Each structure stands twice: as structure tokens, then as C-alpha cells.
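Peer 1: Got a sequence here, can you model it:
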Amino acid sequence: MTAHRIRVLLVDDDALVRAGLTMMLDGANGIEVVGEAADGDQVPAAVDAHAPDVVLMDLRMPRTDGITATRRLMDRAVATSGTREQARAALADLTPREHEVVVGIARGETNAEISARLFMSVATVKAHITHILTKLGLTNRTQIALLAHDADLV
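Peer 2: Residues are numbered from 1 along each chain as shown. Down below sits the predicted model:
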């Protein structure tokens, strides 16, 4: 029985960075780079062509930055599925304090800014973020922010 390989799409405007990442990731067990894109505006077509499990995206690119490209992908993914209701349902399992942290992340606040606003330590903010990621099945702050925006929290 063969194990499932994680299919990765690399998005970076620097060809050398893409080549280096491809070499490293293709050498890793269970990972396969299935495609590349040089700018965020190329991402939708590359996702359609390669059906990746993961998109590894640079944030700063000349035409369409990684955050905008990620937001567009998320918009496409949920365009047919009652986005706001689903996002709100996912966030419903959070504690009130975790909800406040999510709002801070969605506003683009750093951990230090969230901690100052909510009168808690940075370590406590980090612990809340870890719990939020686990509860929501997410892997990073960007996904939290996108979910919060989908739920119209900010």
C-alpha cells in the first residue's frame, strides 16, 4: 500500500527560491511539488491545473501579493457554501477570550498588541492561538484571519 503524498504548489516571484524549495521538498518523504507559480495572479489557474493539497505562498510579490491571492482562493473555495454561516458556526466553539484573540488577529494585530489590548501576557495570547488553531483545524494566523473575515467579525 502506498502512502498519500502531500501535493504542494509553490508560489514565489524568485525563481531561485522556488528551485531551492522544490529541491528540498521533493527530497522529503511524503511530499511532492506538483507545480509552481511566479505571482499571486497565477495561483487560481495553477490550483485548477495541479489540485494541490497545500499552497506554499510568498507574501510579497510584484503584482498580486500572497495575502490577496490566499483571500481569493478562500473566496473561491467557499463561494458556493454559505460562507458567513459556516465561518460563524466554526467560531461558535471558541471561548469568549479566544474570540477576542481571533478579532485581534483579523485586525492584523501582533501578539504584543493583542496582549496589551486584552490585558494578558504574550504567552497567554500564544496559548490562546494554539487552542484556536487546534479547535478550528487550522495551521496558521492567516487562516484564522480569513475565517474571521468570512464571519464578518471585522
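Peer 1: hey, let's count contacts and neighbours off CA atoms from now on
Peer 2: Noted.
Peer 1: Could you tell me whether Gln86 really is in a helix?
Peer 2: Yes - under DSSP: H, G, I helix; E, B strand; the rest coil, Gln86 sits within a helix.
Peer 1: I'd like to know how far it sits from Glu100.
Peer 2: 19 Å (C-alpha to C-alpha, to the nearest Å).
Peer 1: same thing with Asp58?
Peer 2: 28 Å.
Peer 1: which one of these two has more residues nearby?
Peer 2: Asp58 (20 against 17; other C-alpha atoms under 10 Å).
Peer 1: residue contacts, that one?
Peer 2: Contacts for Asp58 (C-alpha atoms under 8 Å, 6 or more residues apart in numbering) come out as 11-13, 65-66.
Peer 1: I'd like the residues you listed as CSV, with secondary structure and neighbour count appended.
Peer 2: As requested, the contacts of Asp58 are exported to CSV (DSSP: H, G, I helix; E, B strand; the rest coil; neighbours: other C-alpha atoms under 10 Å):
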residue, secondary structure, neighbour count
Val11, strand, 27
Asp12, coil, 24
Asp13, coil, 21
Asp65, coil, 18
Gly66, helix, 22
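Peer 1: tell me the domain boundaries of this protein?
Peer 2: For the chain, automatic domain parsing gives the domain ranges 6-78, 83-150.
Peer 1: Quick check: which ranges of the protein have low pLDDT?
Peer 2: 1-3, 77-79, 81-82 (pLDDT under 70).
Peer 1: what does the top helix by length along it contact?
Peer 2: Taking DSSP state H as the criterion, the chain has its longest helix at helix 122-136. Contacting residues not belonging to helix 122-136 are listed as 90-91, 93-94, 98, 101-102, 111-112, 114-115, 139-140, 144 [C-alpha under 8 Å, 6+ apart].
Peer 1: Stretch 91-105 now?
Peer 2: 110, 114, 118, 125, 128-129, 132, 135-136, 141, 144-145, 148, 153-154.
Peer 1: between those, which is closest to Val17?
Peer 2: Arg141 (23.1 Å; C-alpha to C-alpha).
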